[in-house]
Structure formats: C-alpha cells, structure tokens
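1. Mind folding the following:
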Amino acid sequence: MSTKQADRTGTPARTVRGLFRVKSLDSILKDAEEPEHQLKRALGPVQLTLLGIGAIIGAGIFATIGTAAAGDANRPGAGPALMMSFVITAVVCGFTALCYAEFASMVPISGSAYTYSYSTLGELVAWIIGWDLIIEYAVGNIAVAISWANYFKTLVEGIDFGGGRHITIPAWLSTDYRTAKHLPGVLENAPHIFGKPIVFNLLAIGIVTVITIILVWGIKESARFNAIMVGIKILVLTFFIVIAFRWVQPANWHPFAPTGWAGISAGAAIVFFAYIGFDAVSTVAEETRNPQRNMPIGIIASLIICTIFYVVVSAAFTGLISYPDLKMKLATEQAEPLTMALQHAVPNAGWAVGIVALGSVIAHTAVLLVFQLGQPRIFFSMARDGLLPPVFYKVHPRFRTPHISTILTGVFVAGFAAVASIDEMVDLTNIGTLFAFILVCAGIIVLKVKDPSRARPFRVPSGIGWTMLLYAGFAAGVILFPVSGLSIVAKVVLLTVGLGIFVASRNHIFAVLGVLSCLYLIYYLPPTSWLRFAAWLNFGFVIYVGYGSVNSRLTGRRETEHPHAHDAHTAYTGAILALIGAALLFFMRGFDVFLAAMKAHEDMGADAKWAALKDVFAGDPWLTLSWFLVVPLALNALVLCPIVIRRAVRARQASDAAAFAGYTTAGLAIAMVLGLASIVYLFPVVSGWLQGRPSVF
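-> Take a look at the predicted model:
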C-alpha cells in the first residue's frame, strides 16, 4: 500500500511504527532504472576482487600490527599469537561477508548496508546505518590520508638524490596543529599570520585531491588505476615475506601467547582495521556487470586472499622481533611495524626497508581510492531516497559518475585531514564499522523471515549440517586452545550454552554468529570509542529529524495528504530520538568514567568496582567538560529541541489537531524538559571550563 493510500484509509503516513517502514526491494530496483540517474556498468569479478583487495590491504597491515602485537597502556598485546588474532577477525568478517554477498546478489544497488537496511529494517535504521557508514568510509579515509602523508614524507626524505642530497618537507606542511605542539621547533619555524602559526597537512590534502579527480573521471579508469596499485602492493608484501623469512628466528615465537586469550582478543579488535574495506565492493553494485553473480565472488574472494596474506605477514613480522623487544619500541616506531621489524633484524638492509616503505605508500593510496569511491555512492543512494539533498544524486552527463557527491566527499576528507590527528579519526572508525556489520547480519535474518520466497542468486548457508560443523569448530577451540584460561567447569557451561545457541539459530546460523562475533570485538574496543560513537549518532538524529524525515520519498511531508499529522509525528519522533541520544551520551560517559576509575583503583582488588561506582556518582567527573558529551547535548538543546517545538506548535494549529494531540503534547513536553535540562547541565560545565577547569574528549 502506498503512503497516500494509507492516508486515505485514515492511517497517517508518519507514525512511530512508520519509522520502521521498509522500502520494498522492487521499489529500490525500480528507482535504479531511471535513465538520467543510471551509472555505467563496467566492472567484472576480477576488477571487483581487486577493488576489495585494494580497500582491505592498506593502513591496517602496514600500521596496526605493531600495536596489536605489543599492546598499549589500555590493552594487552597478542605477541606471536597475532596470527590467531587475524584468524579470529577473518572469521568475524567472513560471517558478515556471506551476509553482504546474499544482499548484494538480491539488491545490486549502490548504497551497501544502507540500502540493505532500508529494505529490511526500515527507514530510521537505514538512516542510522547510512550515517554510520560515513564513519567507515569518509572518517576512516581521513585517518588513511593522514597516515599516507606520514609514510610519503618518510619515503621522500629517505631518497638520496646523489651527493647526500635529500628532499626535506617542512613539518608545518605535513602535520596538524595539535600534534605540532608536541614536536619541538615546529610551531616556532612555521610561518605566522597575525601572530598565529600556520600548520596544516598539505600532503594529505594533495593525495585526496588527486584521488577525487581520478574518481570523477570515471569508474573504469578508477578500477584500472586501482588494479595497478593492488598488483604493486601484493608484490611488495610478497617481497617482505620472502626477505623476512630469511631472517626469522623461531625462538621469537615463544611464548606464543604471552598475555593469553585477553591479548589475542584485544589484538583481534585492533587488527579489525586491517579488514575494513571488503564491504566497499558492495557500493559499486550499480556499476557491475551481472552483479548477482559477480558481487559475491568479489566480496568473498578478496577476503580470502587478504586473510592468507595477513596470517603469513604476521608470522614473518613476529618472527623478526621478539615480544619483549617489541614492547620496548616507541609508539611511533610501532606505527611503522614492517620497516621497524626489518631494521631490527637486518640493520644493513636499508634498500629492503625503502621498498617496503614504497609499498606502504601505494597500499594507502589504494585504500583512499576505494573508500573515496564508496562514500559518494552511499550519499547517492540516500539522496535518491530523499534523506539527503538532491545535489548528492546528480550524475555527470559524460563520465556517468556521481561527480558532485564525489567532490563534496573529497572536500570533507581533505579539509579534516589537513587539521585532524589520526588518533581522533581512528577511534570512530572501528565501532562504526562493526555496528554496520551487525545490522547487515540482522537484516538477513529479518528478510528470511519476512520474504522467504524471494529469489536469492546467492544464499548464506544454513541448516543443521552447517550448524553442527560450526559448533564442532567452536567446541574444539574451547577444549583444545590452552590460553583461554577457562576452568573445566567453565568450559562445560560454555559448551552447553553454546550448543543451545547454535541449535536455536540453525536456520540463520551464519548471520547470528556474525552479530555475536561483532559484539565480541566491540567489547574489546577502547571505552572512549563508545562515547564518540554515541555523539556521532546523536548528530545524525539531528540531521534526520531536521531534513530526512521531512523530505523522505517514502514517508516525507510531501508524500502525505495530512501534513499537520506529519508534523505531529515527526515532532514526537524528534523528541524520542533526542531523549535516546541524551540517554546514550550520559550512559557512555558514565561507562567511560567507571572504567577509568576501575583502572585508578585496581590496587584495591575486589573493592575496586565499588570504589569506581562511587566515583561515577560523584559530581566531579560530570562537571569536567567532555567535548563528546557537551557538543551533542548543545546540538540537542539549541537545534533539535527547537525543531521539535516548532513542528508541534504548527501541528496544534491544524483544524484536526485533536486526532494527534497525544503525539503533539508528548513531543512538546519531552523537547521542552530535555532542552531546559540540557542547558541547566551545560551552564556550570562550560562556566567551569572557561574559568580554567581542564577538559577531556
């Protein structure tokens, strides 16, 4: 039933239940057939696989394995068991990859998890996942651009042009201001305007600009450029493996898991960054020949190939340098792990280090290309549904690419890459991607229940046979793996509970395991990432209520014959989302305070939890300005709540206002109370900060 038909039968188009109204697969496919908005189909299975490899092998393997193996102040290191960490993460991604493959074969449309969620879980969830994917692609690419700039500077400055001549790139043109404050001499040597030092990352701006131009040029040309880079970086990784295994010391692999299962799991959560990207293949579905066949091939093949490379590279890396020696390295050295390990094991092999550094630059470039390719196509799909302005839906008349959204994405990434630090961007990316994976797996379960008869060119395996096979692997791991640290009783309980979950989920076993395994990795993420993710979601709620809910082609104001009813229901929706956002923010901030207090009181043993809870309910942590709490709360109070109040007041002026008075009254009450409470809380916090009280992120 259409929206207008629903209106005529007396059911308002926008109700709370309407937030989860899905866009049918047939409607999604029909929208993609509009000739003025069609993209050029030019990609086959080999190109898709290379796109996947191009997105996966990059900053992760070249930058995160040092920290994953050594650990940091907040997490234990995996040591040589880093190989197990990669296998665990590959299994998690494998469950999700199968779900992506089924969706991509049924819905060969640009938009990735956003489109899949819209067809199964409803508009609100689709908006959340589309907003969330910005974290994976655009925000993640900011971090990759910054990392690319660091490696490129190291590579260029290490080249001898004869006679000891080297190119030196000024630090004020290759870093951000906050990082520069901790580097001696950078601010002093930078040019000044009105007494303020000029510091920005020109290298990051430059590479993003080049990638953006290539992507506007055309998808086929982009795929060729990516194929060349993928070939080079595979050769470089193979070169590292061959060279490294000549100098591997087997003694370095002992002890295999120095910090036990906790280190392996924490390592898996860290190296998850190395796998982000296989889902980027699904964003080019509308530019793929025979997508029902080729999309699953590209997704699964790229994941398998990269996993093999990762396990072998991690074995070579941990064989070059022992765990104690790795722990002694500085964080800056761990950030370039492959070159650092070669220099440690073979101090005179400078030429080999240079080749690996070149491969790192190329790998980062390939990731930038594929992620910059994916983000505009998600914007493209969201604009097609009316959730973003139509400017994101325009296609270049000659190149048949979404050129405006590509350019705007490039401006966004380049702008933030010029001034942001890499740590700030990385914290958001991991949890956002895992959340997207959870919704994709959940979508497969929902769709199998709601539409079991729909044709599926590729199906996620299920049934009792696969269930028992997977349970056998799970049981073998619990029983045989020595570093789990579980007692016999704990293992029996785990195996019994596990058997119940496996059998109950037999018809959706891979999707259920995908959800559970993603939640498992999220548990091992730093607690601050939870607060930042809640802040990002809150910002997305503001955009959705302010624009998307009004302009949606499925449930928007223009799609209904009862605009005042729409105002009432969107006001109520906005109030509920503001309340949920505020609750999430305070819960995550409290959780962050609790974990920090636990660490501070760890010498108290069993009493540490009670002491930490006491700290959570003390006033001091809450009066300290936390930017990721204060900024979204201010957005709620000054933007979202006024929008809700204005719509509720407008709805009350309608002649039939009594029909939806409950929604109007509830929306008004929640918005007014929440807005006032937020302002009351923010006033002493901001005042204290202005008077010199320290702030945290």
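2. Who's the closest spatial neighbour of V593, skipping the chain neighbours?
-> The shortest distance from V593 to any residue that is not its chain neighbour, by C-beta to C-beta, 6 or more residues apart in numbering, is 4.5 Å, and that residue is P621. Glycine gets a C-beta too; all of them are placed from N, C-alpha and C.
3. F591 versus the one you found, what's the distance?
-> Distance, P621 to F591, by C-beta to C-beta, to the nearest Å: 12 Å.
4. Surely A420 touches I142?
-> Yes. Contact criterion C-beta atoms under 8 Å: A420 and I142 qualify, at 5.9 Å.
5. and the two? which has more neighbours close in?
-> Using other C-beta atoms under 10 Å, the more surrounded residue of A420 and I142 is I142, with 28 against 21.
6. after the helix or strand containing that one, next one along is what?
-> Using DSSP states H and E, I142 falls within helix 140-157. Using DSSP H and E, the helix or strand that directly follows helix 140-157 along the chain is helix 177-180.
7. in stretch 337-352, what's buried?
-> Residues of stretch 337-352 classed as buried: 337-346, 349, 352 (neighbour count, 16 or more other C-beta atoms under 10 Å).
8. Which ones among those residues map onto helices?
-> For these, membership in helices holds for 337-345, 352, with DSSP state H as the criterion.
9. Tell me the one among these nearest to F510.
-> Within those, the smallest distance to F510 is 32.3 Å, found for P337 (C-beta to C-beta).
10. okay, now L369: neighbour count?
-> 28.
11. Could you measure from it over to G410?
-> Taking C-beta to C-beta as the measure, L369 falls 12 Å from G410.
12. Please enumerate the shared neighbours of these two.
-> 211, 215 (C-beta atoms under 8 Å, 6 or more residues apart in numbering).
13. May I see the domains of this structure written out as residue ranges?
-> Domain assignment for the chain by automatic domain parsing gives 41-163+204-457, 461-523, 528-696.
14. Would you mind measuring the gap between the ends of the second one?
-> The reference is to domain 461-523. 27 Å (C-alpha to C-alpha, to the nearest Å).
15. Pull the distance from it to the chain's centre.
-> Relative to the chain's own centre, domain 461-523 is displaced by 25 Å; criterion: C-alpha atoms, centre = their mean, to the nearest Å.
16. quick check, nearest of the buried residues of stretch 337-352 to T570?
-> Distance to T570, by C-beta to C-beta, is smallest for P337 among these, at 49.7 Å.
17. Quick check: the gap between that closest one and V313.
-> Where V313 is concerned, P337 sits at a distance of 10 Å (C-beta to C-beta).
18. which neighbours do those two share?
-> Contacts common to P337 and V313, judged by C-beta under 8 Å, 6+ apart, are I65.
19. and whatever helix or strand I670 lives in, what does it pack onto?
-> Under the criterion DSSP H and E, the helix or strand holding I670 is helix 661-690. In this structure, helix 661-690 makes packing contacts with helix 563-600, helix 620-623, strand 625-626, helix 627-635, helix 641-652, judged by 3 or more C-beta pairs under 8 Å, 6 or more residues apart in numbering; DSSP states H and E.
20. Any idea how many residues pack against P250?
-> If you count neighbours by other C-beta under 10 Å, P250 ends up with 7.
21. Setting aside sequence neighbours, what's the nearest residue to it?
-> Using C-beta to C-beta, 6+ apart and skipping the chain neighbours, the partner closest in space to P250 is G319 (6.9 Å).
22. Now do the contacts for that neighbour.
-> Contact partners of G319, counting by C-beta under 8 Å, 6+ apart, are 80, 244-245, 248-250, 252-253.
23. So which residues of the stretch 301-450 of the chain form helices?
-> In the stretch 301-450 of the chain, the segments counted as helices under DSSP state H, counting those that start in this stretch are 323-328, 331-334, 337-345, 350-384, 403-419, 422-450.
24. Which among those helices is found nearest to G500?
-> When these are compared (using C-beta to C-beta), the closest one is helix 422-450, at 17.5 Å.
25. and I234, what is it in contact with?
-> 53, 57, 309.
26. and the strand or helix carrying the first one, how far from the chain's centre?
-> Using DSSP H and E, I53 maps to helix 45-56. Once both centres are worked out by C-alpha atoms, centre = their mean, helix 45-56 turns out to sit 19 Å from its chain's centre.
27. Can I get the domains of the chain in a markdown table including distance to N189?
-> Conversion of those to a markdown table gives the following (distance: least, C-beta to C-beta, whole Å):
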| stretch | distance to N189 |
| --- | --- |
| domain 41-163+204-457 | 16 |
| domain 461-523 | 42 |
| domain 528-696 | 28 |
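28. low-scoring stretches of the stretch 351-500 of the chain, by residue?
-> Along the stretch 351-500 of the chain, the model assigns pLDDT under 70 to residues 423-424, 426-427, 482-485.
29. How much space separates S105 from V460?
-> S105 is 10 Å from V460, where distance means C-beta to C-beta.
30. From I300, how far out is L629?
-> Separation of L629 from I300 (C-beta to C-beta) stands at 41 Å.
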